[in-house]
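Participant: Sequence and predicted structure below; questions after.
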Amino acid sequence: MRHTLVVVVVALTIASPRALFSQSASPSATRTYVETLASERFAGREAGSPGERLAGDYLAAQLARIGAKPLPGRSNMFLPFDFTAASKDGGSHVTVGSTTFAAPQDVLSLSFSDDTEVTGPAVFVGYGIVVPESQNFGYDSYATLDVKDKVVVVLRYFPEDADQQTRAILARYSDLRYKALAARQRGAKGMIVITGPRSPNAGQTVPLASDTALAGSGIAAASVTSKVADALFAGSKPLRDVQQQFDSGNPHVAGFPLPNVTVTLKTSLIREKQTGRNVVAYLPATVSAAPMKPWVAIGAHYDHLGLGRNGNSLAGRDEVGKPHLGADDNASGSAAVLAIAETLAKQKVRQRNLLVAFWSAEEMGLVGSTAFVNAPPVPMNQIAAYVNFDMVGRMHDNKLAAQATGTSPAWASLLERANISAGFDLTLQPDPDQPTDVRVFNGASVPSRNFTTGAHPDYHKPSDTADKIDYEDLDRIATLASTIVSRVMAQDDPPQFAKVEQSSQTAGRTGVRVFTGTVPDYTSNVKGLLLSGVIGGGPAEQAGLQKGDVIVEIAGQSITNIYDYTYALDLLKIGQAVKVVYMRGNDKRETMLTPAARN
């Protein structure tokens, strides 16, 4: 799972004794699957890694064992896809005056930088933070500065000595991508980041993180060591003293041009592509007369974080570099899918085909499931329903969350009937816009649902191990879901799809509660924001936007990728129309979009 889930629930409690589903008297249906997938042998199952291939081979072998077959027209169960796995510096350098500093010793391109070379006067802009007016908090590092055609020098992080409330607000806008956007919008050619002497990791460059946006940010951007910082500030006050002034959080402390400093910044990035594999098979229907929408799909992502080196790890200092085994995230979900498939394989009558899928590169941005939906080996309009499992192995107080229930009016009754004997303290969340693969299928208009038992202290850490899984409850979840999937497969009429006209996709990072109704494509390498769809009845649809459009500007802010768009949402106000510039094919168009309130 990509992010910690916060479940907004509508409780549906069914008082059935948990003991009815106890499987303590028989071997667990899921334990062996979890213990194998979360073993050291698979080394954390990072997408594209040898561990992921071993895990994929294991899953395919288990599918074959229970009688599943490759999809029609395919010779095996593997659906490969390419993705950008990492970036490395390809030879960046900074020249200050007559001295050149080179990568990797003193300079590193930032993962979102353009590949380019720029020259211009250097301007120090403090922390480079701009808080949008919509937040009712005045802080603009550029308020008194002209940075057009110049190279800005910014401090990493946010003011160290500000009071807690101010730090909380400024921290929201301290992301380096946001700082790059602010600099670019004000005409800067480049951005140099310094980790100040009063900050954590003082004097160090910023490690190159995983960045699934294939397009750059429209600006040259690099971090430098204290050696380069000393050269930049050679003609002004010591950087420690300058930083101390800015660390108060006082918005009136202003940046300044660095005296007689002209900088040449060359940034070069090599984006490394790798191949991941989805594992997909099916159990054929056993009846000859095909019903409407003759497929039902179940799935879970099987990849995890490997050694935790690509930015998503929450490992402590003593855990850095250790395998993130991902027992709950998401060996548990994969085990549930295998257990369900094994149960349904034994049914003598299957009215629909059961598609069984294990996605890779979910942790990198739902990349595997998106690749499947974008080039489906089974027509998406022939899939009656999709049921997803993500982190279902760490139940607390008998609570099970069913998410995306708003995608079909059929889900509530199916859940309620199946839960009579299961006895979970079931919670329903209608919103399909979850940080897991269910979002992708909802975007393809497939009635979808996700099961999860939620996050825990071992989330995205090496300590998420198989010995901490509650196998009795995991088996119960698999049994409940088997009942639901079996009933969907047996119905003559498929579940009706319903558009959920709300979204939590808007910048939850900042607390903005505007709703635009756009569904971004997170894997695109185009310049701009490619829409993989729009929410029915939402502002984007009303503005005439549609799947395949590429937004290049909104509210006067140029958009080069998903991150720019997320930050631009902070400028929007509910009920106040803004101009959207977008590309439809080769045509550049404009429309007015009026953001609504997000429920």
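Facilitator: Yep, it's here.
Participant: alpha carbons only for contacts and neighbour counts from here, please
Facilitator: Noted.
Participant: How about the helix or strand in which Met489 is found, which residues are buried there?
Facilitator: Per DSSP states H and E, Met489 falls inside helix 471-490. Residues 471-486, 488-489 are the ones in helix 471-490 that count as buried (16 or more other CA atoms under 10 Å).
Participant: cool, stretch 145-155 as well?
Facilitator: 147-155.
Participant: tell me the mean pLDDT over the helix holding Met489?
Facilitator: Across helix 471-490, pLDDT averages out at 97.
Participant: what pairs with the lengthiest strand in the chain, and is each one parallel or antiparallel?
Facilitator: Scanning the chain for the strand with the most residues, using DSSP state E, yields strand 269-283. Applying DSSP bridges, strand 269-283 is found paired with strand 69-70 (antiparallel), strand 78-89 (antiparallel), strand 353-359 (antiparallel).
Participant: got the buried residues for it?
Facilitator: Applying 16+ other CA under 10 Å to strand 269-283 flags 269, 271, 276-283 as buried.
Participant: what's the average pLDDT for that strand?
Facilitator: Averaged across strand 269-283, pLDDT comes to 92.
Participant: same check, this time on stretch 131-148
Facilitator: Averaging pLDDT along stretch 131-148 gives 88.
Participant: okay, how far is it across it, tip to tip?
Facilitator: 20 Å (CA to CA, to the nearest Å).
Participant: Residues touching that stretch, excluding its own?
Facilitator: Residues from elsewhere that reach stretch 131-148 (CA atoms under 8 Å, 6 or more residues apart in numbering): 123, 125-130, 170, 173, 183, 186-189, 251, 254-256, 570-573.
Participant: Return the set of buried residues in stretch 460-470.
Facilitator: In stretch 460-470, the ones that count as buried by 16+ other CA under 10 Å are 460-466, 469-470.
Participant: And stretch 409-425, by the same measure?
Facilitator: Neighbour-count burial for stretch 409-425 [16+ other CA under 10 Å]: 410-411, 414-416, 418-419, 421-425.
Participant: How far off centre is it?
Facilitator: Offset of stretch 409-425 from its chain centre (CA atoms, centre = their mean, to the nearest Å): 29 Å.
Participant: quick check: mean pLDDT across it?
Facilitator: So the average pLDDT for stretch 409-425 ends up being 95.
Participant: Show me the contacts of stretch 131-148 that map onto strands.
Facilitator: Those of those lying in strands (DSSP E): 123, 256.
Participant: Go ahead and build a PyMOL selection from the buried members of the contacts of stretch 131-148.
Facilitator: With 16+ other CA under 10 Å as the criterion, this PyMOL line picks the buried residues out of the contacts of stretch 131-148:
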select buried, resi 123+125+126+127+128+129+130+170+173+183+188+189+254+255+256+570+571+572+573
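Participant: Give me the subset of the contacts of stretch 131-148 lying in helices.
Facilitator: Mapping the contacts of stretch 131-148 onto helices (DSSP state H) picks out 170, 183.
Participant: Would you agree Leu283 is in contact with Asn353?
Facilitator: Yes - counting by CA atoms under 8 Å, Leu283 does reach Asn353; the two are 5.7 Å apart.
Participant: Distance check, Thr405 against Thr516.
Facilitator: Applying CA to CA, the value for Thr405 to Thr516 is 21 Å.
Participant: Which one's more surrounded, those two?
Facilitator: Shown here are Thr405 and Thr516; by other CA atoms under 10 Å, Thr516 has more neighbours (27 against 22).
Participant: helix or strand for the residue positioned nearest the centre of the chain, which one?
Facilitator: In the chain, the residue lying closest to the centroid (CA atoms, centre = their mean) is Gly365, at 4.1 Å. Taking DSSP H and E as the definition, Gly365 sits outside all helices and strands.
Participant: Give me the pLDDT for it.
Facilitator: Value listed for Gly365 in the pLDDT field: 78.
Participant: Now do it against Glu160, distance only.
Facilitator: From Gly365 to Glu160 the distance is 32 Å (CA to CA).
Participant: Check Pro494 too.
Facilitator: To Glu160, Pro494 is 57 Å away according to CA to CA.
Participant: next one: Leu232
Facilitator: Leu232 is 22 Å from Glu160, by CA to CA.
Participant: Compare the two (neighbour count), which wins?
Facilitator: The neighbour count for Leu232 versus Glu160, taken as other CA under 10 Å, is higher for Leu232 (24 against 17).
Participant: The more buried one contacts Leu258, doesn't it?
Facilitator: Yes - between Leu232 and Leu258 there is a contact under CA under 8 Å: 7.2 Å.
Participant: about what we covered before: joint contacts of Leu283 and Asn353?
Facilitator: By CA under 8 Å, 6+ apart, no residue touches both Leu283 and Asn353.
Participant: For stretch 180-193, give me every contacting residue.
Facilitator: Counting by CA under 8 Å, 6+ apart, 118-120, 128-130, 147-156, 217-224, 265, 557-558, 564 sit against stretch 180-193.
Participant: Which of these fall in strands?
Facilitator: Among the contacts of stretch 180-193, DSSP E puts 118-120, 151-155, 220-224, 265, 557-558 in strands.
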